[in-house]
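Asker: model this:
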Amino acid sequence: MKYFLSCDWGTSSFRLRLVETDSLHIIVEERSGAGIAGTYQQWQQTTLPREEFFAAIINRQIDELEGKTGIPLQDVPVVLSGMASSSIGMIELPYKALPFHLSGTGLGVHIFQRFIIVSGASSGHDVMRGEETKVAGCLTLLPDVDEEQWLLLPGTHPKHIVVHNKQAVRFQTFMTGEFFDLLATHSILAASVGAEGTLEDSLACFTEGVRAGWSDNLLHAAFMVRTNQVLKKMPAAHNRFYLSGLLIGAELKAVPADVEVYLVAGPQHARLYTAACEALEIKVAKVIDGDEALVRGQREVVLRTIIERNDMRYNSGVNDA
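Answerer: Numbering: from 1, shown residues only. Alright, predicted model coming up:
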């Protein structure tokens, strides 16, 4: 298998990448604002089978990639993780119970035509969709050690995922990103935070927020965002980073003392969480690019799926020759 197609289909965005299997080199990608929520609403207005409707949309994007590259893509497998397996996705798949191996073994997979859809995972009281594929992509990026490894995956709903013996064994979800958006845009604090500046210019205020979030009562500390502005203690752009630090600091209370963490994140989140960990003296053992982890995880899934299908064909006596 020379290539596979990596589909990252979020609630409000769509990204499709043609990936060289061996090198993981991304040859070309297609982005759009055609999120899965809007696509689901469009499907509801039709009488078409759900999977066929979603497949047709992806196939049109694949045709665009084929036109750009000149590479025949009709038979190239497509891997989808995250919202594609949700209640508003291509098909709703049940969450797979922990643990699962970082090779992808144990994750649920549904195959429709050439589309390989990965299920989410559940601890019994917490759930994730998409992050499990990123964790699988960390298999070769984490050291081979006996002790537990603590992975931080920032985002709208950050995950702290514990890996032991190359298996994801437990995790927690936090509302950090969503709470920031709600407080910064829909609460009394909205008037106290300005447009984004840079972390470098606001580092002292961000660090102050991190420490307050980690040590103080969050409901009280959050009101300090307003008093920072009312009493003119902090410029609005800096105050925005104070609020961000406040919520990240509260989240990082969950990291046990003396635990090293592995950040699986994009550049912006990596900078914020690295600075927060430094402020709280949490050691960051390694920063792993979130996009790379996703593509690596999807490759693990597609290769395992193809191997298992070939084994089934062999054991059933099917011979294409």
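Asker: longest helix of the protein?
Answerer: Counting by DSSP state H, the longest helix found in the chain is helix 290-315.
Asker: Please, where are all the strands along the stretch 201-321 of the chain?
Answerer: Secondary structure of the stretch 201-321 of the chain by DSSP state E, counting those that start in this stretch: the strands cover 261-265, 284-289.
Asker: Would you mind reformatting those strands (as a markdown table) and adding columns for distance to residue 23 while you're at it?
Answerer: Every residue, glycine included, has its C-beta placed from N, CA and C. Formatted as a markdown table, the strands of the stretch 201-321 of the chain follow (distance: least, Cβ to Cβ, whole Å):
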| stretch | distance to residue 23 |
| --- | --- |
| strand 261-265 | 21 |
| strand 284-289 | 15 |
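Asker: So what does residue 151 have for phi and psi?
Answerer: With angles defined as degrees, to the nearest 10, residue 151 sits at phi -100, psi 130.
Asker: Can you tell me the closest non-neighbouring residue to it?
Answerer: Leaving aside its chain neighbours, residue 151 sits nearest to residue 161 (4.5 Å; criterion: Cβ to Cβ, 6 or more residues apart in numbering).
Asker: was I right about the one you found contacting residue 131?
Answerer: Yes: at 6.8 Å, residue 161 counts as touching residue 131 under the criterion of Cβ atoms under 8 Å.
Asker: Now for residue 236: which residues touch it?
Answerer: Residues near residue 236 by Cβ atoms under 8 Å, 6 or more residues apart in numbering: 192-195, 229.
Asker: Look up the residues that both of residue 161 and residue 131 are in contact with.
Answerer: The overlap between the contact sets of residue 161 and residue 131 (Cβ under 8 Å, 6+ apart) consists of 153, 171.
Asker: burial measure for the closest residue to residue 139 other than its chain neighbours, as a count.
Answerer: Among residues not flanking residue 139 along the chain, residue 102 sits closest, at 4.0 Å (Cβ to Cβ, 6+ apart). Using other Cβ atoms under 10 Å, the number of residues around residue 102 comes to 23.
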